[in-house]
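S.K.: make a model of this:
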Amino acid sequence: MQLFYNPSLNEKSTEIKFDKTESKHIVKVLRKKEGDILYITNGKGLLFIGTIILANDNNCIVKIDDIQHKLKTWNYYLHVVIAPTKNMDRLEWFVEKATEIGIDEITPILCARSERKVLKNDRLEKIIESAMKQSLKFQLPKLNELQSLKTFINSNPKGQLFIAHCDETDRKSFKNELQKNEHLTILIGPEGDFTNEEIAFAIKNQFIPVTLGKSRLRTETAALAATLSVAFFNE
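M.R.: Numbering: from 1, shown residues only. Alright, predicted model coming up:
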């Protein structure tokens, strides 16, 4: 199955008109023609099965024949809160792989030691969309705007709350603290790690300090390790 994405679709939709860019890709690149079947998701758990009724590379139109509800393939809610890396390639790699594995929400945060102070979400959104389609998922992870660590913690996130850091203090094993089928949030700091003040503030607000293992990991590696740990634990 080759999956397409269009967020405007809903259960009342009867047809879809692709924009010029997507139409050109469908007709010119993929060589789809009238009568061919397309599979489209709105990223909200719906699969739309439709037939091409106009194979025009400027305006490809598909008639919706069937709509199916698709449940998540993972039974938990994972929210990774991560300080963006100075090298954007590394953050892009994380969001792509995490989407393929299974993640629900990503929030970039600004910390005291953050090397990247500005973040544009446009490219990250496209990478997430592409990874969702490639991995045949029907739920698009939510990508939030960059915000300060303090602002995020003060937003009262719910479920199990964790902060992964490298400071040699009392930390629990992340995998030993996990509970099945839970809503969980994990904070991943910048390359220089969270400051002692940031760690203390998180702990004061009910975040459990955890370690992801004995190795010192890069930001994006730590975030992916946490994502994989939750996925394996819930199998």
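S.K.: need the contact list for the nearest residue to residue 118 once chain neighbours are set aside.
M.R.: Nearest non-adjacent residue to residue 118, counting by C-beta to C-beta, 6 or more residues apart in numbering: residue 146, 7.5 Å away. To be clear about C-beta, it is placed using only N, CA and C from the backbone, and glycine gets the same treatment. Neighbour list for residue 146: 84, 108, 109, 110, 118, 119 [criterion: C-beta atoms under 8 Å, 6 or more residues apart in numbering].
S.K.: which residues touch the fourth one?
M.R.: Which is residue 110. By C-beta under 8 Å, 6+ apart, the neighbours of residue 110 are 83, 117, 146, 147, 148, 149.
S.K.: got a pLDDT number for the second one?
M.R.: So that's residue 117. Looking at residue 117, its pLDDT is 89.
S.K.: what about the contacts of residue 110, which are in strands?
M.R.: 147, 148 (DSSP state E).
S.K.: list buried members of the contacts of residue 110 by neighbour count.
M.R.: Neighbour counting over those (16 or more other C-beta atoms under 10 Å) leaves 83, 146, 149 as the buried ones.
S.K.: phi and psi next, for the residue nearest the centre of the chain.
M.R.: Centroid check for the chain by C-alpha atoms, centre = their mean gives residue 141 as the closest residue, at 3.9 Å. Residue 141 adopts backbone torsions of phi -60, psi 140, taken as degrees, to the nearest 10.
S.K.: who's in contact with the nearest residue to it once chain neighbours are set aside?
M.R.: For residue 141, ignoring the flanking residues on the chain, the nearest one in space by C-beta to C-beta, 6+ apart is residue 103 at 5.1 Å. Each residue near residue 103 by C-beta under 8 Å, 6+ apart is listed here: 78, 80, 141, 227.
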